[in-house]
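> got a sequence here, can you model it:
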Amino acid sequence: MTYMKKKILIIGGCGFIGHNLSIFLKKKNFHVDVVDNYGVNNLKSIKSEHKDLNRIKLYSNFLNERLKLLKKNKINIIKADAKNLDKLKRIFLKIKPHVVIHLAAVSHANRSNKNPSHTFENSVLTLKNSLESSRKINPHFIFFSSSMVYGDFKSKSVNENAKCNPKGIYGTLKYCSELMIKSYSEVFGLKYTIVRPSALYGERCISSRVGQIFLEKSIKNEAITINGDGTDKLDFTYIDDLMYGVYKIIITKKSLNQIFNITYGHARKISEMINLVRKNFRDVKVNYIKRDKLVPKRGTLSNAKAKKLLKFKSMYHLEKGFLNYINWYKSKKNIMK
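Next up is the predicted model:
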């Protein structure tokens, strides 16, 4: 079978990463199906989480744009809840995917710490059901973990062999999920790849990631709040670099039963992102507060392994990728008024 004939099933495919990945892979001529229950980051949850009517309007626009793009690219969306094992099994047996990409999860550390029960249901239970549904199909199972599994970095750069010591509920559950997947490989022969991204940013995100917050505050002329003094470093990664990395995982046999940092591969200070914001917006206000002890000290996630085994190459340094993001956000300026 040529890789272009592979059927790909994305669980949680209407989310920030999911819809971008679905479109990217469809344009590479894969057959892509998406499962999503619209239960996380949907219109209902937006209205319950936010009081600002302009923000609700903005995020509703983002979500509608995601769906329009999925439909425009003729991607089949199956509305189903991954917490329902029987229903998910039927979908797997009907489609018989060659690749399963599991993205169904609560994608924010603060939300996970505030509502652990919700996180268990939408992250751990959905993963268990995807793993169980995969047993008879035996697909290549791709799971999105997080840089948070490393906890505090012990050096300026970490590779996939670094000891994991996560902080808080989000990072701990991600690491537990990695161990679950490895155990299914040991017991049932599941072929897997684990992806560890870092500090993602990009179009149509509503997950309150760092870059998103900075831009929304700047457009509305509100003060940006930074935990710490701005010298903390993050390996900021543009969504298109991550998409390309996953594509290389799918088409490369050496990706099987491996863990990869799929990142830009060079950490930058938060203050450097702020400087880019200041170059593109007037009168940017910044407040500094005491650093949150649950936020790990991070840095560069080395992508040397991905470069070697996958021939992966990151292409969007912060000045390039973040400028794309800034210009896209500016096109939404009227909605935010």
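
> what are the phi and psi values at residue 200?
Backbone torsions of residue 200, given as degrees, to the nearest 10, read phi -70, psi 150.

> could you report the neighbour count for it?
Residue 200 has 26 neighbouring residues, counting by other C-beta atoms under 10 Å. The C-beta positions use only the backbone N, C-alpha and C, and glycine is treated the same way.

> hmm, it is touching residue 20, no?
No - using C-beta atoms under 8 Å, residue 200 is not in contact with residue 20, being 9.8 Å away.

> give the residues shared as contacts by the two.
Counting by C-beta atoms under 8 Å, 6 or more residues apart in numbering, the shared contacts of residue 200 and residue 20 are residue 239.

> I'd say residue 173 and residue 123 touch.
Yes - taking contacts as C-beta under 8 Å, residue 173 lies within contact range of residue 123: 5.6 Å.

> can you show me the helices along the stretch 201-337 of the chain?
Secondary structure of the stretch 201-337 of the chain, counting by DSSP state H, counting those that start in this stretch: helices at 210-219, 239-251, 270-280, 304-310, 318-330.

> out of those helices, which gets nearest to residue 117?
Closest approach to residue 117 among the helices of the stretch 201-337 of the chain (C-beta to C-beta): helix 210-219, 25.5 Å.

> pull out the buried residues from that closest one.
Within helix 210-219, the residues that count as buried by 16 or more other C-beta atoms under 10 Å are 210-212, 214-219.

> neighbouring contacts of it?
With contact meaning C-beta under 8 Å, 6+ apart, helix 210-219 is reached by 55, 58, 199, 201, 205-206, 223-224, 234, 236, 270, 273-274, 277, 280-281, 284, 322, 325-326, 329-330, 333, 336.

> likewise for stretch 307-316?
Contacts of stretch 307-316 (C-beta under 8 Å, 6+ apart): 237-238, 240-241, 244-245, 248-249, 252, 254-255, 258, 260, 262-265, 303, 306, 324.

> list the buried residues of that stretch.
Going by 16+ other C-beta under 10 Å, stretch 307-316 has these buried residues: 309-310, 312, 314, 316.

> good, wrapping up.
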